[in-house]
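>>> Sequence and predicted structure below; questions after.
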Amino acid sequence: AQKITQTQPGMFVQEKEAVTLDCTYDTSDPSYGLFWYKQPSSGEMIFLIYQGSYDQQNATEGRYSLNFQKARKSANLVISASQLGDSAMYFCAMREVRTSGSRLTFGEGTQLTVNP
Amino acid sequence: GAVVSQHPSRVICKSGTSVKIECRSLDFQATTMFWYRQFPKQSLMLMATSNEGSKATYEQGVEKDKFLINHASLTLSTLTVTSAHPEDSSFYICSVRRASTPNSPLHFGNGTRLTVT
């Protein structure tokens, strides 16, 4: 079974609007972490935001916030006030503390295009 | 600033030759590094975990004799693609974890785009 599922291969958003990128996960490990990365066309992987399984509040980092719904096993990324430079591939990833240590498992990614 | 340096960023080689990719942690000692592979428009797939001073741990389906990993020092891991074939053409990217706290992300190098002709 897929551990990380990103159901949106591509998303489009108008500049200055908000966009939500979906991510659902599957794990039986009670302790896990969820990460979002941005990958521009240059290929580098840029860490955006982290949510721990025991965190009570949704994570926020500037224009990025994470809509964490533990019971539904979803960790959607919300980007507010989109900018042209936000156009990139976005990956959701999970670390299962007990079973995978430091390794991250990645979803298939969502290609975000911000239109002017 | 950059945490991980990966070299080369791009390499073209002929079928049958070997290619070495270096991954360096810049300002800390990394006992463990991770090598990922990414085909165009696809996700990152973990190939192997590189362990300083011991053998690498390979993921299922990854040929250890084809993808040789050496982690001889606390700041350097190398991936050698031996007897490369066109199907080995891919984006290879290494990563390290700077701290052992739960919220510590993986920091990635800029990747190496390998083309085998």
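Perfect, I can see it now.

>>> Please pull out the lowest mean pLDDT helix or strand from chain A.
Taking mean pLDDT, DSSP states H and E as the measure, chain A has helix A:97-100 as its least confident helix or strand, at a mean of 83.

>>> Show me which parts of that helix are buried, residue by residue.
Residues of helix A:97-100 classed as buried: A:97, A:100 (neighbour count, 16 or more other Cβ atoms under 10 Å in any protein chain shown). (Each C-beta comes from the backbone N, C-alpha and C, glycine too.)

>>> any residue of that helix up close to chain B?
Yes. Using Cβ under 8 Å from any Cβ of the partner chain, helix A:97-100 reaches chain B at residue A:97.

>>> helix or strand right after that helix?
Going down the chain from helix A:97-100, the next helix or strand is strand A:105-106, by DSSP states H and E.

>>> Which strands and helices lie in contact with that following strand?
Packing partners of strand A:105-106 (3 or more Cβ pairs under 8 Å, 6 or more residues apart in numbering or on different chains; DSSP states H and E): strand A:88-96, strand B:44-51.

>>> now the last one against strand A:88-96, angle please.
Counting by axes from the mean of the first three to the mean of the last three Cα atoms, to 10 degrees, strand B:44-51 points 50 degrees away from the direction of strand A:88-96.

>>> Direction included, what does strand B:44-51 pair against?
strand B:32-38 (antiparallel), strand B:57-58 (antiparallel) (DSSP bridges).

>>> show me what contacts the residue of chain B found nearest chain A?
The nearest approach of chain B to chain A comes at residue B:108, 3.8 Å away (Cβ to the nearest Cβ). Residue B:108 makes contact with A:37, A:44, A:45, B:4, B:93, B:94, B:95, according to Cβ atoms under 8 Å, 6 or more residues apart in numbering or on different chains.
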